[in-house]
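**Q** got a predicted structure here, sequence first:
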Amino acid sequence: MGLKLGKSFNRSYNLRVPILKGFYNVGIYFDKRSTFLLFKLEKDFGVDNDEGKNVKINMFKNLEASKFCETFIDLHNFRKNTLDISNQFEKIKLEYTSDIIFVFNESIVLSKVELDDKSVFDCLNIYGFTMESYSEEFTFILTERHNIQKRLGKKIVRTSGLQIATTASLEMLDEYHQQREAGRMSYSDKINRDEVIKLSDFNKD
């Protein structure tokens, strides 16, 4: 069944993402005047291919709710008079640069605007990531909508995420996440167990 677009959407961009022995056709629909964005997916695994049944889809309007982003990605938040940025992609965390790889990095520029004597771009940035060990079974698509509000003299950045993954790759993601959480707890426990040296101890006779 086709997706009926109303007045909220007037632009689209399509990706073809390989998973297992098939593909997902991903449509990204957005508006040139706002940060509003929507995904549409259609799987293409062939008539006799049942592998698509083992694939799970998750969409995230808040990237902080994504286990993948929480574990592997540094996100950037910033606000001032001319900027309003929420969960912008900054980098893959240093300790995971050999585990997580880019599969694509694309940008669609809608317009160039002069804001505070600087050239800024109204655009859509699309980043694709996978886990090295499960490159055929996992894709995380991170979308950044950079919208320029001319009347307000402000640039607004909002992000969304789309995760396409097999059960096996999600189990691996859980292992990474649990390992990271355990590392945080171990570090916290170490701090709590360490002896606290008080300055008053040095003033005793």
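**A** Looks like it arrived, so ask away. Numbering: from 1, shown residues only.

**Q** I figured N10 hits S34, correct?
**A** No. Here N10 does not reach S34: they are 10.2 Å apart, not a contact under C-beta atoms under 8 Å. All C-beta spots, glycine's among them, are computed from the backbone N, C-alpha and C.

**Q** just want the most central residue of this protein.
**A** Against the mean C-alpha coordinate of the chain, by C-alpha atoms, centre = their mean, the closest residue is L142 at 3.6 Å.

**Q** so what's the closest residue to it other than its chain neighbours up against?
**A** In space, and not counting its chain neighbours, L142 is closest to Y127: 4.5 Å by C-beta to C-beta, 6 or more residues apart in numbering. Y127 makes contact with 89, 102, 104-105, 141-144 under the criterion C-beta atoms under 8 Å, 6 or more residues apart in numbering.

**Q** what's the answer for S107, then?
**A** S107 touches 123-126, counting by C-beta under 8 Å, 6+ apart.

**Q** buried residues, the helix or strand encompassing it. List them.
**A** Here S107 sits within strand 100-115, counting by DSSP states H and E. Residues 100, 110 are the ones in strand 100-115 that count as buried (16 or more other C-beta atoms under 10 Å).

**Q** pull the CA atoms of that strand into CSV?
**A** Extracted in CSV, the C-alpha atoms of strand 100-115 (Å, rounded to 0.1, in the frame of the first residue of the first chain):
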residue,chain,number,x,y,z
ILE,A,100,31.5,0.4,13.7
ILE,A,101,32.0,1.5,10.1
PHE,A,102,30.3,3.9,7.7
VAL,A,103,28.4,2.4,4.9
PHE,A,104,27.3,5.7,3.4
ASN,A,105,27.4,9.5,4.1
GLU,A,106,25.2,11.6,1.9
SER,A,107,23.9,15.1,1.9
ILE,A,108,21.0,16.8,0.1
VAL,A,109,21.3,20.6,0.0
LEU,A,110,18.0,22.5,-0.4
SER,A,111,19.2,26.0,-0.2
LYS,A,112,22.0,28.3,0.9
VAL,A,113,21.1,31.1,3.3
GLU,A,114,23.1,34.1,4.7
LEU,A,115,22.7,34.1,8.5
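
**Q** count of neighbours near R151?
**A** 5 (other C-beta atoms under 10 Å).

**Q** bridged to L15, which residues?
**A** V26 (DSSP bridges).

**Q** in this structure the residue nearest to the centre of the chain contacts N105, no?
**A** No. Applying C-beta under 8 Å as the test, L142 and N105 come out as separate, 10.0 Å apart.

**Q** overlap in contacts, those two.
**A** Residues touching both L142 and N105 by C-beta under 8 Å, 6+ apart: 126-128.
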